[in-house]
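Undergrad: Would you be able to build a 3D model of this:
(2 chains)
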Amino acid sequence: DSGVTQTPKHLITATGQRVTLRCSPRSGDLSVYWYQQSLDQGLQFLIQYYNGEERAKGNILERFSAQQFPDLHSELNLSSLELGDSALYFCASSVVSRGAGELFFGEGSRLTVL
Amino acid sequence: AQSVTQLDSQVPVFEEAPVELRCNYSSSVSVYLFWYVQYPNQGLQLLLKYLSGSTLVKGINGFEAEFNKSQTSFHLRKPSVHISDTAEYFCAVSGTTSGTYKYIFGTGTRLKVLA
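TA: Numbering: from 1, shown residues only, chains lettered A, B, ... in the order given. Purely as a prediction, here's the structure:
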């Protein structure tokens, strides 16, 4: 058990809909990272937050947004969903912000868009 | 911008044989390097990391990796694999451009250990 909790574990929805994925980091970790894992593109970095502030941005679509709340949990919002958004979305947390630390991963949220 | 290339998408190997999983990275500045393992239906977990110092890094489960700056490589090795090592392995690099660190993963190498 990594200590990172992601909900929901599975989600099935239709094209055009909006979903929210939630992540609770390990106790004490201030950094939260979001990744998208798909068969054809591997593990793609989406975005990182540190103590409530956006710290780095990757290949995140404009239809996607994220935030980190004062209690340090984070949410990833996916809107106007397309079939290609079907993937496993991972959240990871780290105690440091500047990339030298280990990332602790949740078990992922599997999104299926029909 | 930094990037990571894992040259082999799949590596089949017989039990008790040695294995090497290859990783090359590109970055214009100092980097930190990592190997993670993902077992089926699980998140990733850290095998080992290189931050600085000795270029040979030892990790969990008998794995080790060598940082080679001139070849920009960080290959993962194990002298004798077990069936339980069957999993997907990801190389990752963390480095900064313009003061922003990004933690980038390769596309993964699926290790299949055969009996």
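Undergrad: Next one: B:Phe67 from chain A, what distance?
TA: 14 Å (Cβ to the nearest Cβ, to the nearest Å). All C-beta spots, glycine's among them, are computed from the backbone N, C-alpha and C.
Undergrad: Remind me what the lengthiest strand in chain B packs against, helices and strands.
TA: Longest strand in chain B by number of residues (criterion: DSSP state E): strand B:87-97. With contacts defined as 3 or more Cβ pairs under 8 Å, 6 or more residues apart in numbering or on different chains; DSSP states H and E, strand B:87-97 has these neighbours: strand B:3-5, strand B:31-38, strand B:73-78, strand B:100-105, strand B:109-114.
Undergrad: can you list the residues of chain A near chain B?
TA: A:2, A:4, A:33, A:35, A:41-43, A:45, A:48, A:55-56, A:58, A:90, A:92, A:97-100, A:102-103, A:105-108 (Cβ under 8 Å from any Cβ of the partner chain).
Undergrad: which of those residues count as buried?
TA: Buried subset of the residues of chain A next to chain B (neighbour count, 16 or more other Cβ atoms under 10 Å in any protein chain shown): A:2, A:4, A:33, A:35, A:42-43, A:45, A:48, A:55-56, A:58, A:90, A:92, A:97, A:99, A:103, A:105-108.
Undergrad: re earlier: ok, the longest strand of chain B: who's next to it in the sheet?
TA: strand B:31-38 (antiparallel), strand B:100-105 (antiparallel), strand B:109-114 (antiparallel) (DSSP bridges).
Undergrad: buried sites along stretch B:41-52?
TA: B:43-50.
Undergrad: Give me the contact list for that stretch.
TA: With contacts defined as Cβ atoms under 8 Å, 6 or more residues apart in numbering or on different chains, stretch B:41-52 is touched by A:2, A:4, A:43, A:90, A:92, A:100, A:102-103, A:105-108, B:32-38, B:57-61, B:63-65, B:67, B:74, B:76, B:89-90.
Undergrad: Can you measure across that stretch, start residue to end residue?
TA: 32 Å (Cα to Cα, to the nearest Å).
Undergrad: Name the helix or strand for the residue most central in space within chain A, please.
TA: The centroid of chain A falls nearest to A:Trp34 when counting by Cα atoms, centre = their mean (3.2 Å). For A:Trp34, the host element (DSSP states H and E) is strand A:31-38.
Undergrad: Most tightly packed of the helices and strands packed on strand B:87-97?
TA: Mean neighbours per residue, mean count of other Cβ atoms under 10 Å in any protein chain shown, is largest over those for strand B:31-38, with a mean of 24.
Undergrad: can you give me how far the following helix or strand past that one is from the chain middle?
TA: Downstream of strand B:31-38, the next assigned helix or strand under DSSP H and E is strand B:44-50. Taking Cα atoms, centre = their mean, to the nearest Å, one finds strand B:44-50 lying 8 Å from the centre of the chain it belongs to.
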